[in-house]
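# Please find the sequence and the predicted model below.
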Amino acid sequence: MTLDDTDRRLLTALQKNNRLTADELGEIAGVSRSAVQRRVTRLREIGVIEADISVVSAKAVGRPMTLIVEVEMERERTDLLDEFRRSMLQLDDVQQCYYVTGQADFILVVTALDMTAYEEFSRRVFNDNPNIRRFHSNVVIDRVKAGLQVPV
């Protein structure tokens, strides 16, 4: 799909604040309210806009710890990788999961109440999984930048 300059202006604005009205978006993009509505609907339908979400502060809801976890699998059979992927989708503690190249097979972003809670999580998820060779946890000291914005 090809995006024109109007689509790009709309996407840039929506990534910063998806609560802007169609009138406000129209002013930003230089098009009418109805054109904004048609374009945004189309961008959602074709999957350019994947979700409209609220970003909740983990700290504000009692999960002040963030950890970046590197996971190295014992065997890289497709069925075992798929099983691990499925298991990550079921875990609320896991905010993000990436299948990557390099020494680790997966990189996870995990939130936790405290180190005791993370230890329980890591035992259940990593230590008890016979296909995990090793995992390495990095505790986030300060979140310098976090977001899902994509340059358009």
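Cool, got the structure.

# Would you mind measuring from the residue of the chain positioned farthest from its centre to L25?
The centre of the chain is farthest from one residue, S32, which by Cα atoms, centre = their mean lies 32.0 Å away. The spacing between S32 and L25, counted by Cβ to Cβ, to the nearest Å, is 10 Å. From N, CA and C alone the C-beta is placed, and that goes for glycine too.

# Helices of this protein, residue ranges please.
5-16, 22-29, 33-45, 78-89, 115-122 (DSSP state H).

# quick one: the third one to chain centroid distance?
When C-alpha coordinates are averaged (Cα atoms, centre = their mean, to the nearest Å), helix 33-45 and its chain have centres 24 Å apart.

# And it, what does it pack against?
Secondary-structure packing of helix 33-45 (3 or more Cβ pairs under 8 Å, 6 or more residues apart in numbering; DSSP states H and E): helix 5-16, helix 22-29.

# Compare those helices and give me the one nearest R42.
The closest of those to R42 is helix 5-16. By Cβ to Cβ, the value is 8.8 Å.

# Check which residues of that closest one are buried.
Of the residues in helix 5-16, T6, D7, R9, L10, L11, A13, L14 count as buried by neighbour count, 16 or more other Cβ atoms under 10 Å.

# In contact with S32, which residues?
Going by Cβ atoms under 8 Å, 6 or more residues apart in numbering, S32 touches G26.

# hang on, the earlier thing: retrieve the pLDDT associated with the residue farthest from the centre of the chain.
Looking at S32, its pLDDT is 98.

# and it, how far is that from D92?
Taking Cβ to Cβ as the measure, S32 falls 42 Å from D92.

# Surely V71 and A104 touch.
Yes: shown here, V71 and A104 form a contact pair, counting by Cβ atoms under 8 Å, at 6.1 Å.

# Same drill for these two, tell me which one is more crowded.
Comparing V71 with A104 by other Cβ atoms under 10 Å, the one with more neighbours is V71, at 24 against 18.

# Now do the contacts for the more buried one.
V71 sits next to F84, A104, D105, F106, I107, L108, F126, I132, R134, F135 when contact means Cβ under 8 Å, 6+ apart.
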